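Novice: sequence and predicted structure below; questions after.
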Amino acid sequence: MTIIWQRPRKSSLVVFDRYGTQGLLPLLTNRDHVVFENRRSHLHIWVLLDMLVRLRFSWRDYCVSYLRLTKPKLVITCIDSNATFYALKSGLPAVSFIAIQNGIRGNGSPIPDGDMWSMLERSRHQPPKVDFVATFGAAHSRMYAERIRCSTIEIGSTRNNMIPVEPKQTSGSRRRIGFISNFSGLPHQGIFPDGSASPVAMYLGGREIHARDYFAADATVAAATAAICAKSGWDLHIIGRRTPEFPFEHRFFADACGEHPFMFIAKRSEEASYQLLDTCDLVIAIDSTLGYEMIARGARVLFVAARALNLGGLESRQFSFGFPGDYPDEGPFWTRSLDPHHLQSLMASLIEMPDHEWRLVSALVRSELMKFDLDNSLLRSLIAERTN
C-alpha cells in the first residue's frame, strides 16, 4: 500500500478505478482528469483527515471525501458492477456520475451471492443512483433502469468501439472458423489430474459451480466444432482467452479436440483477438460477450448455448442466448442443440447466407444486445456535455 501525503489534485473529471479503462482512457488524452485508485492500493492522508473530521469511517465515506477534495463535475467508471459507485451520488448530488457497462450482468460471482444485483440489494444506501449507465444495448438498458435510478444510453462496448474492423480473408481460400475460448487458463482440480487450482469456477447466487461442470460446455462445443471442421475441410482457429503464460488453456482444448486438427492462438492483445476473429468466415461462441461484440462488428456468429443447457436451473439463465432479453432456445444463429448434424447444417447455412440476409437476421443484436459506435462518439459527446 502506498501512502500519499499530497492533497488530491482538483480536476473536473475523475475516473473511478483504473481497471477496465482500455476503451475510456484514450478518449481523455486531451482532457484533464485524475484516476481514483479504488483497489485500496493508495491511501491519501488528506482524505483520511477529511473522513475523521466528518466522523465517517467506511470505504464509501473515503470515496466521498476524495471526491469532495478533487471537486469534479463528472465521475465515471468502467466497473459497473461495483455497488459502492451507486452509493456516491446521494453524498454528492451536484456531481454527475456515469457507469459504463463492461460485462453481461447476471447472478454469477467468484463468491456466494456476490453478484452486482445482490450487492445493490444489501447496500445501506438506497436507492442505488447514478446519472447515466452507458450500456451495450436496449435490453441491458431496461435491466439497469429497473434496478437503478438512472438514465441510460446505448453505446455498445467501449473497448470494441476503439478497435478498427479488419477485412475478411480473400475469397477462394479455405473457410476459417473462429472459436471463442471462455476457459480460465487455470489448472483446475477436477479437470486436470495434476490440477492445483480451485475446483470451483464460480457461484450462481449461492449455488457452487464446479469447474468441470462449468467448462464442460467449452470442451463439448470445441470438440463438435473440430470434428465438423475436419469433415468439411475448414480450418479451426481457437482464440485463447489467456496469454501464453497460461499453458493449461491450450492443453484443455487439445484434450477436448483429440485427433481433430486446430490452431490455438493465445491472447497477445485485446486488439489482436478482435481482429483475428474479424477475418473468420464464421465465429462460434457459447455465451461470451465477445460473441455479441463480433456481431456488432459485422461478423457472422453462431451461439451454441451449451452452458445454460448443462447447468440448468433458472439461475443459469444468464448463459442463454440474448440475456437479459428473452428469446426461444432455437434461432437462425443460435441453438442449444449439440446434435452434430444440426450444428453442421447451421454452420454451413450461416457461411453461405447472403450478406443482406445476415444483416437482417442479426439486426436484433445490434439494436438490443450490442451496439457498435466506432471511436465511441456517443460517449465522447456525453463526457463533453457533463464536463463543460
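Specialist: The structure has been received and is ready for your questions.

Novice: who's in contact with the most centrally placed residue in the chain?
Specialist: Nearest to the geometric centre of the chain sits residue 103, at 3.0 Å (Cα atoms, centre = their mean). Counting by Cβ atoms under 8 Å, 6 or more residues apart in numbering, residue 103 makes contact with 80-81, 289. All C-beta atoms are positioned from the backbone trio N, CA, C, and that covers glycine.

Novice: can I get the residues you listed in CSV including pLDDT, distance to residue 354 and neighbour count?
Specialist: As requested, these are arranged in CSV below (pLDDT from 0 to 100; distance: Cβ to Cβ, whole Å; neighbours: other Cβ atoms under 10 Å):
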residue, pLDDT, distance to residue 354, neighbour count
80, 96, 37, 23
81, 95, 40, 19
289, 97, 27, 19
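
Novice: between the residues you listed, which sits nearest residue 127?
Specialist: residue 80 (16.2 Å; Cβ to Cβ).

Novice: confirm that that closest one sits in a strand.
Specialist: No: counting by DSSP: H, G, I helix; E, B strand; the rest coil, residue 80 is not found in a strand; it is coil.

Novice: list the contacts of it.
Specialist: So residue 80 contacts 99-103, 105, 116, 133 (Cβ under 8 Å, 6+ apart).

Novice: quick revisit: could you say which helix or strand holds the residue nearest to the centre of the chain?
Specialist: Assigned by DSSP states H and E, residue 103 belongs to neither a helix nor a strand.

Novice: distance of it from residue 121?
Specialist: Between residue 103 and residue 121 the distance is 19 Å, computed by Cβ to Cβ, to the nearest Å.

Novice: which of the contacts of residue 80 count as buried?
Specialist: 99-102, 105, 116, 133 (16 or more other Cβ atoms under 10 Å).

Novice: what about those residues, which are in strands?
Specialist: Counting by DSSP state E, the buried ones among the contacts of residue 80 place 99-100, 133 in strands.

Novice: surely residue 187 is in contact with residue 246?
Specialist: No: contact status for residue 187 versus residue 246: not in contact, 9.2 Å apart, counting by Cβ atoms under 8 Å.

Novice: mutual contacts of these two, please.
Specialist: Joint contacts of residue 187 and residue 246 (Cβ under 8 Å, 6+ apart) do not exist.

Novice: ok, residue 205 to residue 116 distance?
Specialist: On the measure of Cβ to Cβ, residue 205 and residue 116 end up 12 Å apart.

Novice: now do residue 307
Specialist: Relative to residue 116, and taking Cβ to Cβ, residue 307 is found at 19 Å.

Novice: residue 350 too?
Specialist: Taking Cβ to Cβ, one finds residue 350 at 33 Å from residue 116.

Novice: got it, and residue 207?
Specialist: 17 Å.

Novice: SS state for residue 238?
Specialist: Residue 238 ends up strand, using three-state DSSP.

Novice: hang on, the earlier thing: tabulate the contacts of residue 103 (CSV), appending distance to residue 4.
Specialist: Below are the contacts of residue 103 laid out as CSV (distance: Cβ to Cβ, whole Å):
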residue, distance to residue 4
80, 27
81, 26
289, 35
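
Novice: of those, just say which sits nearest to residue 129.
Specialist: residue 80 (13.7 Å).

Novice: residue 216 is in contact with residue 311, correct?
Specialist: No: judged on Cβ under 8 Å, residue 311 makes no contact with residue 216 at a distance of 9.0 Å.

Novice: how does this protein divide into domains?
Specialist: 2-156+374-387, 176-367 (automatic domain parsing).

Novice: out of these, which is closest to residue 165?
Specialist: domain 176-367 (5.1 Å).

Novice: out of everything not next to it in sequence, what's closest to residue 284?
Specialist: Nearest non-adjacent residue to residue 284, counting by Cβ to Cβ, 6 or more residues apart in numbering: residue 179, 4.7 Å away.

Novice: show me what that neighbour bridges to in the sheet.
Specialist: Here residue 179 sits in beta bridges with residue 238, residue 284, as judged by DSSP bridges.

Novice: test my guess that it contacts residue 236.
Specialist: Yes: between residue 179 and residue 236 there is a contact under Cβ under 8 Å: 6.4 Å.

Novice: joint contacts of the two?
Specialist: With Cβ under 8 Å, 6+ apart, residue 179 and residue 236 have common neighbours 225, 262.

Novice: where does the residue nearest to residue 284 land on pLDDT?
Specialist: In this model, residue 179 is scored at 98, pLDDT.

Novice: OK, contacts around it?
Specialist: Per Cβ under 8 Å, 6+ apart, neighbours of residue 179: 221-222, 225, 236-239, 262, 283-284.
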